[in-house]
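In: Sequence plus predicted model, see below.
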Amino acid sequence: MTDTEAALLRAIAANRDEDTPRLVFADYLDELGEPSRSARAEFIRLHVHTTRLPADAPEREIVRRRIDQLLWKWDFVWQKEMPPGFKALSGYRRGFAYRAAATASAIRSTEDPRTLLIEHLELTVDVSATGLRAVLNCPLFARLTELLMRGEYSIGWSGVKALAECEYPLLERLDLARQRIGDIGLRWLCNSWGFPQLRALDISSNEITDSGATTLLRSALLPRLERLSIRGNPISQTMMDRLRPGGRVW
């Protein structure tokens with residue numbers, strides 16, 4: 001990645017709602033004269049163009065077909081543009097991948113411009129709780145709207161403690177399914193001030209009992225949630241019935 005490309009990506013990230021930085025980046029790619037870069041430039045321009053079209057515009061179908069053609073031919077190549085340890089997932093927003101998967105050990109405090117537009121992250125935790133806290137303090141997490149914790153080994157209550165001690169000002173969805181957080185981990189989550197925008201929480205299959213559910217019921221977190229998955233935990237039916245009002249539990 002050249003210094004010019006890095007600067008252009010930073011400009012896009014700093015002006016997410018504006019089309020001009022994206023179109024400037026497309027012009028830069030065209031100037032490189034490489035087939036994959038030229039196709040990428042066209043892809044960005046088409047994506048930006050569709051945002052300006054009326055919903056019922058006949059041109060939409062033509063543009064969509066061309067976008068699909070470009071994806072079918074070049075998406076495998078474009079996915080390799082992600083930094084080591086990151087993998088682009090399906091989905092582009094206004095010409096750029098916004099969904100990715102990564103291992104915690106691959107994330108560094110020094111920000112890579114290629115990660116600046118990631119909003120949805122599936123994080124495989126392969127570090128200790130102390131290491132996880134350092135990772136979660138990286139600027140990348142302050143921009144996420146969705147975070148899914150994955151991995152061969154669960155993070156446990158100590159991992160949730162590390163999670164709860166950091167801040168995620170834009171995070172709307174948090175998935176901690178099958179992470180063995182238990183009642184202690186849920187307590188840390190409920191007492192955290194780091195999730196002001198959280199609206200969807202998945203804590204299914206986490207060894208949570210009525211004690212943890214009671215903590216959740218009394219917390220300031222529950223009323224803010226629009227969706228809550230708590231299935232697969234040893235919680236009594238009586239407690240589940242207390243959590244259900246408002247249609248939040250799923």
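Out: Received it, and whenever you're ready, just let me know what you need. Numbering: from 1, shown residues only.
In: Convert the C-alpha atoms of stretch 135-150 to PDB, please.
Out: The C-alpha coordinates for stretch 135-150 follow below in PDB (Å, rounded to 0.1, in the frame of the first residue of the first chain):
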ATOM      1  CA  VAL A 135      -6.600  -5.200  21.600                       C
ATOM      2  CA  LEU A 136     -10.000  -3.800  22.500                       C
ATOM      3  CA  ASN A 137      -8.500  -0.400  23.300                       C
ATOM      4  CA  CYS A 138      -7.400  -0.100  19.600                       C
ATOM      5  CA  PRO A 139      -9.200   2.700  17.600                       C
ATOM      6  CA  LEU A 140     -10.800   0.100  15.400                       C
ATOM      7  CA  PHE A 141     -13.300  -0.900  18.100                       C
ATOM      8  CA  ALA A 142     -14.500   2.700  18.700                       C
ATOM      9  CA  ARG A 143     -15.900   2.700  15.100                       C
ATOM     10  CA  LEU A 144     -17.700  -0.700  15.200                       C
ATOM     11  CA  THR A 145     -21.400  -1.000  15.100                       C
ATOM     12  CA  GLU A 146     -21.400  -4.800  15.400                       C
ATOM     13  CA  LEU A 147     -19.000  -7.100  17.300                       C
ATOM     14  CA  LEU A 148     -19.200 -10.900  17.300                       C
ATOM     15  CA  MET A 149     -16.800 -12.900  19.500                       C
ATOM     16  CA  ARG A 150     -15.700 -16.200  18.200                       C
END
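In: Mind checking the pLDDT average for the longest helix along the chain?
Out: Scanning the chain for the longest helix, with DSSP state H as the assignment, gives helix 59-79. Across helix 59-79, the average pLDDT comes to 92.
In: And for stretch 102-114?
Out: Confidence over stretch 102-114, taken as the mean pLDDT, stands at 83.
In: Between the two ends of it, what distance do you get?
Out: 13 Å (C-alpha to C-alpha, to the nearest Å).
In: and it, which residues are buried?
Out: Neighbour counts over stretch 102-114 (16 or more other C-beta atoms under 10 Å) mark 102, 103, 104, 106, 107, 112, 113, 114 as buried. (C-beta placed from N, C-alpha, C; glycine too.)
In: same check, this time on stretch 60-73
Out: Buried-residue list, stretch 60-73, by 16+ other C-beta under 10 Å: 63, 67, 70.
In: of these, closest to residue 198?
Out: Closest approach to residue 198 among the buried residues of stretch 60-73 (C-beta to C-beta): residue 67, at 32.5 Å.
In: And residue 147, how far from residue 137?
Out: To residue 137, residue 147 is 14 Å away according to C-beta to C-beta, to the nearest Å.
In: And these two? Which one has more around it.
Out: Taking other C-beta atoms under 10 Å, residue 147 and residue 137 do not tie; residue 147 has more neighbours (22 against 15).
In: A strand includes that one, no?
Out: Yes. Assessed by DSSP: H, G, I helix; E, B strand; the rest coil, residue 147 belongs to a strand.
In: list the contacts for it?
Out: Residues near residue 147 by C-beta atoms under 8 Å, 6 or more residues apart in numbering: 121, 123, 141, 168, 171, 173, 174, 175.
In: So what does the spatially most central residue of the chain look like in phi/psi?
Out: Among the residues of the chain, the one closest to the centroid is residue 120, at 1.6 Å (C-alpha atoms, centre = their mean). Torsion angles at residue 120 (phi, psi; degrees, to the nearest 10) stand at phi -120, psi 120.
In: and the very next helix or strand once past the longest helix of the chain, how far out from the chain's middle?
Out: Of the helices and strands lying after helix 59-79 in sequence (DSSP states H and E), the nearest is strand 86-88. Distance of strand 86-88 from its chain centroid, counting by C-alpha atoms, centre = their mean, to the nearest Å, is 12 Å.
In: downstream neighbour of strand 86-88 in the secondary structure list?
Out: Counting by DSSP H and E, what follows strand 86-88 is strand 92-93.
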